[in-house]
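> Got a sequence here, can you model it:
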Amino acid sequence: PVAPVKSVVAIEEKIGIDYGSVKEYIEEMETNISLMRGMVKHLTEFKRTREEHKYQIKLIREIGFNIFDGTG
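Here you go, the predicted model:
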């Protein structure tokens, strides 16, 4: 059985979505993803020694972690 509806409340009011904050967060994530794409592109364009490659991969991994955990 379905309960009768007494009133209709706008969904954003009901769950409290702050659209400004969500939009800002999405824009920040798009920027971060763009930075990561740039770093990955850099890795594929230049020749380097194995040690240089390992160092740069480690650096990019650390930067990525910092970006996506909010400390960067």
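> what sits against the residue positioned nearest the centre of the chain?
With distances taken as Cα atoms, centre = their mean, residue 29 lies nearest the centre of the chain, 3.4 Å away. Listed by Cβ atoms under 8 Å, 6 or more residues apart in numbering, the contact set of residue 29 is empty. In this view, the C-beta of every residue, glycine as well, is placed from N, C-alpha and C.
> can you pull the pLDDT of it?
For residue 29, the pLDDT comes out at 85.
> Which of the helices or strands spans it?
In the assignment (DSSP states H and E), residue 29 maps to helix 19-45.
> in that helix, what's buried?
Across helix 19-45, burial judged by 16 or more other Cβ atoms under 10 Å covers 32, 39.
> Quick one: residues in contact with the helix or strand just after it.
Next helix or strand after helix 19-45 toward the C-terminus (DSSP H and E): helix 50-68. Residues from elsewhere that reach helix 50-68 (Cβ under 8 Å, 6+ apart): 32, 35-36, 39-40, 43, 48, 72.
> one more time with 10 Å
By Cβ atoms under 10 Å, 6 or more residues apart in numbering, the surrounding residues in contact with helix 50-68 are 28-29, 31-33, 35-36, 39-40, 42-43, 46-49, 71-72.
> Could you list the single helix or strand in this protein with the lowest mean pLDDT?
helix 11-15 (a mean of 58; mean pLDDT, DSSP states H and E).
> Run a quick neighbour tally on residue 64.
Residue 64 has 16 neighbours, counted by other Cβ atoms under 10 Å.
> how near is it to residue 47?
Note on residue 64: its distance to residue 47, by Cβ to Cβ, to the nearest Å, is 23 Å.
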